[in-house]
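*Asks:* got a sequence here, can you model it:
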Amino acid sequence: MALFPAFAGVAEAPDSGRKELDWLSNPSFCVGTITSLSRRTEEAPVSEGSPLTRSPLKSEPSDESDSNRKPKEAGRKKKKEKKKRRQREHHREARSRRGRSGSRESEPGAGSERDRPPGGVRASKGESEKLNQGNNAAADTGRHCVWLEDIQALTGETFRMDRKPDPANWEYKSLYRGDIARYKRKGDSCLGLNPKKQCVSWEGTSTEKKRSHKHIERYFTKKSVGLMSEAGLSVSRQPVALSSQPLSFIPVGGVDDAAPPAASWLNPLGIYDQATTQWLQGQGPSEQESRPPDSQPDRESTLLKARVEEFNRKVRENPRDTELWMAFVAFQDEVMRSPGLYAVEEGEPETRKRSLRLVLEKKLAILERAIESNPSSVDLKLAKLKLCAEFWEPATLLKEWQKLIFLHPNNTALWQKYLLFCQSQFSTFSVSKIQSLYGKCLSTLSAVRDGSIVSHPELPGTEEAMFALFLQQCHFLRQAGHSEKAVCLFQAMVDFTFFKPDSVKGLPTKGQVEFFEPFWDSGEPRAGEKGARGWRAWMHQQEWGGWVAVSPDDEDEELEDEEQDIRDKTLPRWRIWLAAERSRDRRHWRPWRPDKARKQTEEDCEDPERQVLFDDLGQSLIRLSSPDLQFQLIAAFLQFLGVPSGFSPPASCLYLAMDENSIFDNELYDEKPLTFLDLSCSGVGCVGRMDPLGGRRWPRGPSREGEEFIRNVFHMVLPLFAGRERSQLCVFWLRYEITKVIWCLHTKNKKRLKSLGKNCKKLAKNLLKEPDNRNSACLWQQYAHLEWLLGNTEDARKVFEAALGTAGGRGLADTELCELGLLYAALEAELAPPVGGAAPVRAVRVLTGLAERGPSGPCPGQPSAVHVLKARKAYEHALQDCLAERRGPDPGLPDCLSRLVSLVKCFMLFQYLTVGVGAAARVYEQVFAGLRGSVSAEGAGLEGALEAVALMHTSLLRFHGRVAAYPLAPLREALSEALRLYPGNQLLWRSYVQIQSKSHSASRTRRFFHAVTRSAKHLEPWLFAIEAERMRKRLVDAVQRVDGREVHATLPEIGLTHRIRALFESTIRSAHGSQCPLLWRMYLNFLVSLGNKERSKGVFYKALQNCPWAKALYMDAVEYFPDEMQEVVDLMTEKELRVRLPLEELELLLED
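*Replies:* Numbers count the residues shown, from 1 in each chain. A predicted model of the protein is given here:
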């Protein structure tokens, strides 16, 4: 029986050599056919139009399977196959003609068109014709299946061609990826080729892996910031005993350091560890060893829980310790930052918000427990109110503040915070409400001082705190535009303090205020007005029968200096309004009162807001019993009027009153660092000033009425004091006139300089003619300085010599005399600076005569070496005596500190002129070490003395750098050291910023500012850090831009704008920055300079949320956003800020 019964009748091919394999013969296949098929497969190129595919679903059917189909389908199939075969032959001939030249032989194993290079070689035309002339047997056999074992000439590469289309390609739209052979080409070379002579050009699809362009995350993105905020892994290592012998390498401890296991019958070679040995014994690891090591978050969570337990134990044992409770509350922030109790995973902002609220509620619960244990603690209650501001409504918060004030009416610090809270609430803010709150605060504290409130005693420092609150109210009214009310407050306080009748001094404050009201409403002249005699004289005259009316002289009667509000009507409307508003602010800061000589009444006042009633100030009057505070009241009043008295507001209200950028003015100090006159007001503006930020920093003098008002104040208060206080007031007056002279010198106004100089010298001579001032060295010093500034050098020297000649034998023991000699020597040194080691003759002679306690007459020539040596010994002995006195148990009076400072300044200048700048630095180091190590080094007065000495040291270094070639490193180090100790000194900050601005690298400056701002509580480091960056940006912009068109990348600075904006934001978040009007004005000005008006408007409204009382902010907004003028003015009117020129009046003036 045959192997295939269907072909049993087919005659076998005669093959005598394969008889032994007859049982395997298959009559349905022919060896010759397979051989011809294999030969055709090797020679014929593969058609591009029919890629070779191997279908696992269907195979090509045989003739027998075709015979079973219907005749129509078989005939249709044959026609289609013939048609396709003719098309394929036609395409082969065309391609063979095109690729005959420059082609290469194709690879026999190419499976598809995309895997074959486009430059492949095709078969020649002859070969294609030979293939077309193949016999029918070969063609028929090509459709039969072939067993490879039956092929005699089995080649190494035999392929099967399936030309029948697969319907699965139509059904599934693509081929299954597993059916297609794929490969990846590694490199562009080919094995077997000589790389120097042969190469392969791959022109197909590039097999290089496409690199994914992943966006690089910068350090400031949210993801990177989150990574930076994660806590690092703690690395713990057992301490290693230090070896006494030096090692040539650093040993690294690890697993290998462990001792090898001992050999046993289970571990004969000693290579098994302990765990393997236990397993061989059938034992398991111990419970402690089987426990997995704790992860990092688990360890931190355990530590946090331990600290929480410790805090709970401590507060349970010491519930009265308020500092411990506050530390426990602050510890919750650390718990929030660390992974553990309240932390959440990244990428969950809502959950984190809920977790933050959970921490706030936890803090609130802790504070409530603390308040239950300490019901009288104000600090805990303040912390609770500050915490509740995060999620309480403003109305609820205000009620809690009122409850707290009701419980503690005698706490001045609580009153100050309450006033600041109400003052910075934009939604409920109005000037009248805040003014009534100030009156209620001061009247309540006055009642506490008088003993009217029996339940609450007076706390220490109440009088000083009340004076600070009074000054804060005055500056609040000035910044809100109500200058008349602020001036009236000072006028009333002067009369209420210095001119109080003896009959009412024993009454409480409320009773005294009731007696003061008739005087205020009587219409009599007040402090600063012509003919003012005070409350006491008026009361005495009322008791003894009427008031003698003195008719004013017609010569002295002057009409009010009215200026034209609108000078140029062609300007834009907002410019006209700003100019007119500022003009009226400058002229109308005094309260309006009807003139009885002109028969004026209250109805004659064009602006009723200029009239101040007693109800506006009655509650704010306080009693000042301390002589020091009484003198500070006069100094503050003069500073408020623009007289440089050197008075600075208390620290509690200093930054609230800062609203102008005069703190950055450094021109005078740069010109004359040794003899400059500090005329700055610490950034606090004076009355009548509402100048734009960044404008002219030299103020225009007050009007004629203003000058007369200031003179009347001096005439009224000078008889109230005697001795040193009277001399200081005369110095204030003379220095005010010198200020106007310096302003004329700076602006080069020679015409006005001549008249001002004449008036100033006349005033100085009149003051020196008074009996109490004839021996006042400080007045002689100011007069000589005035002559020197006016250019009368010889006259100034005569004044100096005359003043030094009247000293007698006091010498270094007199503080005022030391200051006089110091100024004289410094002026001579600046006039003829030391060149080539030659010191100024006059300066050295002045300091030498001062030390020898003798007159330093105009003797010619350089002082001898003997005199210089004697003077140096005298300075050294005097300095040692002062330091020894300070180290003693009784440091002495505050006058000793001032004498020590003057002595050190003279000694430093003497050493600088005779030896060098290094000797002066050694004197400073000696004094600093001596005072720092003294017993009383914690006093505030001693800190001020050290600050003055440090300022003198830096001034000498600056002067030496101007007159000689000297490196900046010593000056930079001296300024850095001084500013670390005294971060609130504005003069030192000006010098530091000026010096560092000359350096191209800003990294050192930024590191220093960062270190100081992180530790200091003052606002000056933040302000000057911003100013330093802005100076650098102005420098870069000036170099990079020419006429606003061309850009030169000379100083490449990246991120200056963002750095400055970040500094502003950080400063605003500080303790004092959010309520500082100057800071908000600077921020708004900076953003407007960048051209981003939308962001600038946002910052403006944010500033109003914190400083709604600052009229300067509204004025800046009108200047920066002219289109919003109507809205801004309406907002000012709604908040009751002073608008001197309503827009309706402006329209009428423009029509006229």
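*Asks:* relative to residue 329, how far out is residue 384?
*Replies:* 9 Å (CB to CB, to the nearest Å). Where C-beta positions appear, they are placed from N, C-alpha and C, glycine not excepted.
*Asks:* need the residues touching each of those two.
*Replies:* Counting by CB atoms under 8 Å, 6 or more residues apart in numbering, the shared contacts of residue 384 and residue 329 are residue 367.
*Asks:* which residues in the chain form strands?
*Replies:* Applying DSSP state E to the chain gives strands spanning 104-105, 120-121, 1041-1042, 1046-1047.
*Asks:* so how far is the first residue of stretch 910-918 from its last?
*Replies:* 12 Å (CA to CA, to the nearest Å).
*Asks:* so, low pLDDT: which residues of the stretch 551-700 of the chain?
*Replies:* Along the stretch 551-700 of the chain, segments meeting pLDDT under 70 span 551-565, 666-670, 678-681, 695-700.
*Asks:* try it again with 90
*Replies:* Along the stretch 551-700 of the chain, the model assigns pLDDT under 90 to residues 551-573, 583-613, 616, 642-653, 659-700.
*Asks:* quick check: closest non-adjacent residue to residue 663.
*Replies:* residue 683 (4.2 Å; CB to CB, 6 or more residues apart in numbering).
*Asks:* can I assume the one you found is in contact with residue 1079?
*Replies:* No: using CB atoms under 8 Å, residue 683 is not in contact with residue 1079, being 10.0 Å away.
*Asks:* any residues in contact with both of those two?
*Replies:* Common neighbours of residue 683 and residue 1079 (CB under 8 Å, 6+ apart) are residue 658.
*Asks:* give me the neighbour count for residue 1127.
*Replies:* When neighbours are counted by other CB atoms under 10 Å, residue 1127 registers 12.
*Asks:* now do it against residue 598, distance only.
*Replies:* From residue 1127 to residue 598 the distance is 41 Å (CB to CB).
*Asks:* go on, residue 659?
*Replies:* 36 Å.
*Asks:* neighbour-wise, which of those two wins?
*Replies:* residue 659 (25 against 9).
*Asks:* I'd guessed that one sits against residue 684; true?
*Replies:* Yes: counting by CB under 8 Å, residue 684 is a contact partner of residue 659 at 7.3 Å.
*Asks:* show me what counts as buried in stretch 1099-1109.
*Replies:* Across stretch 1099-1109, burial judged by 16 or more other CB atoms under 10 Å covers 1099, 1100, 1102, 1103, 1104, 1106, 1107, 1108, 1109.
*Asks:* cool, and stretch 965-983?
*Replies:* 970, 971, 972, 974, 975, 976, 978, 979, 982, 983.
*Asks:* count of neighbours near the nearest residue to the fourth one once chain neighbours are set aside?
*Replies:* Closest residue to residue 974 apart from its sequence neighbours, by CB to CB, 6+ apart: residue 954 at 5.4 Å. Other residues near residue 954 come to 24 when the count uses other CB under 10 Å.
*Asks:* per-residue pLDDT, residue 954?
*Replies:* If you check residue 954, the pLDDT there is 93.
*Asks:* who are the contact partners of it?
*Replies:* 971, 974, 975, 978, 988, 991.
*Asks:* can you list the residues you listed in TSV and add distance to residue 747?
*Replies:* Formatted as TSV, the contacts of residue 954 follow (distance: CB to CB, whole Å):
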residue	distance to residue 747
971	30
974	33
975	30
978	33
988	28
991	24
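*Asks:* now the residue nearest to residue 974: how far from residue 979?
*Replies:* Residue 954 is 10 Å from residue 979, by CB to CB.
*Asks:* follow-up on the earlier one: measure the residue nearest to residue 974 to residue 930 for me?
*Replies:* 19 Å.
*Asks:* now residue 799
*Replies:* Taking CB to CB, one finds residue 799 at 35 Å from residue 930.
*Asks:* who's more crowded, those two?
*Replies:* residue 799 (23 against 18).
*Asks:* wait, the more buried one sits on residue 785?
*Replies:* No: assessed by CB under 8 Å, residue 799 is found out of contact with residue 785, at 9.1 Å.
*Asks:* show the contacting residues for the spatially most central residue of the chain.
*Replies:* Here the mean C-alpha position of the chain is nearest to the C-alpha of residue 1063 (CA atoms, centre = their mean), at a distance of 1.7 Å. Taking CB under 8 Å, 6+ apart as the contact definition, residue 1063 lies against 1022, 1025, 1026, 1029.
*Asks:* let's see 7 Å
*Replies:* 1025, 1026, 1029 (CB atoms under 7 Å, 6 or more residues apart in numbering).
*Asks:* residue 637 now?
*Replies:* 490, 494.
*Asks:* avg pLDDT for stretch 191-202?
*Replies:* In the prediction, stretch 191-202 has an average pLDDT of 74.
*Asks:* do stretch 1126-1137 as well
*Replies:* Rounded mean pLDDT across stretch 1126-1137 is 94.
*Asks:* in that stretch, which residues are buried?
*Replies:* 1128, 1129, 1131, 1132, 1135, 1136, 1137.
*Asks:* the spatially closest residue to the third one that is not a sequence neighbour: neighbour count?
*Replies:* Distance criterion CB to CB, 6+ apart; nearest residue to residue 1131, sequence neighbours excluded, is residue 1114 at 7.0 Å. Applying the criterion other CB under 10 Å, we find 22 residues in the vicinity of residue 1114.
*Asks:* and the pLDDT at residue 1114?
*Replies:* On pLDDT, residue 1114 comes in at 95.
*Asks:* my guess is it meets residue 1130, correct?
*Replies:* No: Residue 1114 lies out of contact with residue 1130 (CB atoms under 7 Å); the separation is 10.6 Å.
*Asks:* quick revisit: how much space separates the residue nearest to residue 974 from residue 966?
*Replies:* 13 Å.
*Asks:* how about residue 822?
*Replies:* Residue 822 is 22 Å from residue 966, by CB to CB.
*Asks:* swap in residue 461?
*Replies:* For residue 461, the distance to residue 966 - CB to CB - is 47 Å.
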